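Chemist: return atomic coordinates for the entry below.
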Amino acid sequence: MSNPILRIQLLRKLWVHLTPREMYGISPPDKIQRSGRALGDVRRNELTHLLNIEKQLHEKRRDLGVQNKEGVAFNESKENTKDVAFSQFIDFQDVDSEKSMQLPEIERMLVNAEELSRYEALERLLRLQKLYLLTERIILGIDLNEIDKGPLDRRWFNRWKLNACEISNGALQQLWARILVRELRNSGSSSLRALEFLSAFSLEDAESLNRLASWTIGDFVYRSALQALAGHYDSEMFEKLEEQGVVRGVFGKVLSKTLRSDSDHGFHADLTVADKSLRITSVQPRNELHVPAYMLTSVGRELMALVAPSVDQDYLNLVIQDLHARGMAVEVSENDADPSALQVC
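Modeler: From the prediction side, this is the model:
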C-alpha cells in the first residue's frame, strides 16, 4: 500500500540538493507550506512566470526586446543599423566608407561574449527549473512503498544537470525528469552511461524507445513473434539499437531467453510486457523454456523503465500463439505500474 509520507520525504530529498541560486524564482515545498498557500496555485504562477521570462529572453536574443534609455522597447536591428560597422559588405551612404569597414575591437567582442554567456546561462537555468517542477509533479503522482533516504551521488547529479539543461523538447524532458525520480528513489539505479545515452537522444530515438518498450517482455523481445509481424518489425531500427548498445542478438549469434519455472510441480513463470502481465503455466514437469529473443543490455533495461506505452496487441497475440505451440497456457492481466516505479532487472 502506498505511503503518502514517502512522497513528502522524496520531495524534500529533491529540494535539499538544490542551491538557493538554482531555486531563484521558485519556492521549495516546505516554504510554501509554511506560508499557508496551495502548492498547485504557487506552481502555476511560477511556471507562468518562467515561461514569460523565457519568452522575454528569446526576444532579447533576437534583438526584439532591447530597451532605449527611456525604457521603451524597440527593434535594435532597425534602429541601430548605423552602428553596425563590422562588415565590409555593408555600404552606408551617410557614414564614412573607412568607418564602415572597421572590425570591432576586443573590448566590444568581450562585451558581446559576456552578453551571450549571460543569456545562455539564464536559458539553461530556466530549463532546469522547469525540470525540477516536472520532477516534483511526477513524485506527487506515483505510489511509493519505500525510498532510499541516502543522498544523491554528487557526480551523477552534476552530470544530470549538465546534460538536462540543454534539453528543450517536452517529450525528452519527461525522460530526464523520470530518470531523476528513479535515482532519487533508489540511488545507483541509473548509470552515468544511461545519462550519456540520453544526452544524444533525438525525438526519433524517443519514439524507438517507446516502440521497443511495447514489445519488451522483462529483459527481452520475443524475436520470432516480432519478425512475424508484417509492417511492425523494423530491421534498421533494431540494427541502430544494437549499435547504440541497447539490445543484443541482432547481428551475429542468434540468442534465446531461458524462462525458468518458479514451481517444482509443472511449469510456472510470471512476465510483464508493457501494460500487461503474463502468467505462463504448463502441467508438464519442466524447469526451463527457451524462446528466441533479442536481449536488452543493462543500459537498455534502465531506459525501458523510463517509458510506459501500451502493449502492441498484434505482437502479444503472436507471442501467446507461439507459447501455446510449445505446450504452454497463458493468462493475460492488466499491469498498472507507472514508469518511474519500474526497477532495473
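
Chemist: which stretches in the protein count as strands?
Modeler: Here the chain has its strands, by DSSP state E, at 216-217, 220-222, 247-248, 255-260, 267-273, 276-282, 288-296, 329-334.

Chemist: please dump the ones you listed into a markdown table; it should also carry mean pLDDT, distance to residue 177 and mean neighbour count for every row.
Modeler: All C-beta spots, glycine's among them, are computed from the backbone N, C-alpha and C. Shown next, in a markdown table, are the strands of the chain (pLDDT from 0 to 100; distance: least, CB to CB, whole Å; neighbours: other CB atoms under 10 Å):
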| stretch | mean pLDDT | distance to residue 177 | mean neighbour count |
| --- | --- | --- | --- |
| strand 216-217 | 95 | 21 | 24 |
| strand 220-222 | 95 | 26 | 26 |
| strand 247-248 | 94 | 25 | 21 |
| strand 255-260 | 93 | 31 | 15 |
| strand 267-273 | 93 | 23 | 18 |
| strand 276-282 | 93 | 25 | 17 |
| strand 288-296 | 94 | 22 | 18 |
| strand 329-334 | 93 | 25 | 12 |
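
Chemist: now distance to residue 22 too, for those, in CSV please.
Modeler: Listed next are the strands of the chain as CSV, based on distance: least, CB to CB, whole Å:
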stretch, distance to residue 22
strand 216-217, 35
strand 220-222, 40
strand 247-248, 36
strand 255-260, 44
strand 267-273, 37
strand 276-282, 40
strand 288-296, 34
strand 329-334, 40
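
Chemist: any idea which of those strands gets closest to residue 156?
Modeler: Residue 156 lies closest, by CB to CB, to one member of the strands of the chain: strand 288-296, at 21.5 Å.

Chemist: quick revisit: compare the strands of the chain and give me the one nearest residue 312.
Modeler: strand 267-273 (8.8 Å).

Chemist: ok and that closest one relative to strand 276-282, angle-wise?
Modeler: Counting by axes from the mean of the first three to the mean of the last three CA atoms, to 10 degrees, strand 267-273 lies at 160 degrees to strand 276-282.

Chemist: for residue 268, list the residues it contacts.
Modeler: Going by CB atoms under 8 Å, 6 or more residues apart in numbering, residue 268 touches 261, 262, 279, 280, 281.

Chemist: now the two most distant members of those.
Modeler: 261 and 279 (12.0 Å).

Chemist: now for the two: what residues contact both?
Modeler: Shared contacts of residue 261 and residue 279 (CB under 8 Å, 6+ apart): 268, 269.

Chemist: follow-up on the earlier one: ok, of the contacts of residue 268, which one's closest to residue 46?
Modeler: Among these, and counting by CB to CB, the member closest to residue 46 is residue 279, at 46.1 Å.

Chemist: right, and the closest one touches residue 270 too?
Modeler: Yes: counting by CB atoms under 8 Å, residue 279 does reach residue 270; the two are 5.6 Å apart.

Chemist: for the longest helix seen in the chain, buried residues please.
Modeler: In the chain, taking DSSP state H as the definition, the longest helix is helix 106-140. Residues of helix 106-140 classed as buried: 123, 125-132, 134-136, 138-139 (neighbour count, 16 or more other CB atoms under 10 Å).

Chemist: show me which positions of stretch 167-174 end up buried.
Modeler: In stretch 167-174, counting by 16+ other CB under 10 Å, buried: 167, 172, 173, 174.

Chemist: hey, C-alpha coordinates of that stretch in CSV?
Modeler: The C-alpha trace of stretch 167-174 is given here as CSV (Å, rounded to 0.1, in the frame of the first residue of the first chain):
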residue,chain,number,x,y,z
ILE,A,167,17.0,19.8,-23.4
SER,A,168,14.2,22.0,-24.5
ASN,A,169,11.8,19.4,-26.1
GLY,A,170,8.9,18.5,-23.7
ALA,A,171,8.9,14.8,-24.6
LEU,A,172,12.6,14.5,-23.9
GLN,A,173,12.3,16.5,-20.7
GLN,A,174,9.9,13.8,-19.5
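
Chemist: below-threshold pLDDT in this protein: ranges please.
Modeler: 1-2, 63-101, 336-345 (pLDDT under 70).

Chemist: nearest to residue 248 among the buried residues of helix 106-140?
Modeler: Lowest distance from residue 248 to those (CB to CB) belongs to residue 138, with 30.3 Å.

Chemist: measure the closest residue to that closest one other than its chain neighbours to residue 164 for me?
Modeler: The shortest distance from residue 138 to any non-neighbouring residue, by CB to CB, 6 or more residues apart in numbering, is to residue 181 (5.2 Å). Using CB to CB, to the nearest Å, we find residue 181 at a distance of 13 Å from residue 164.
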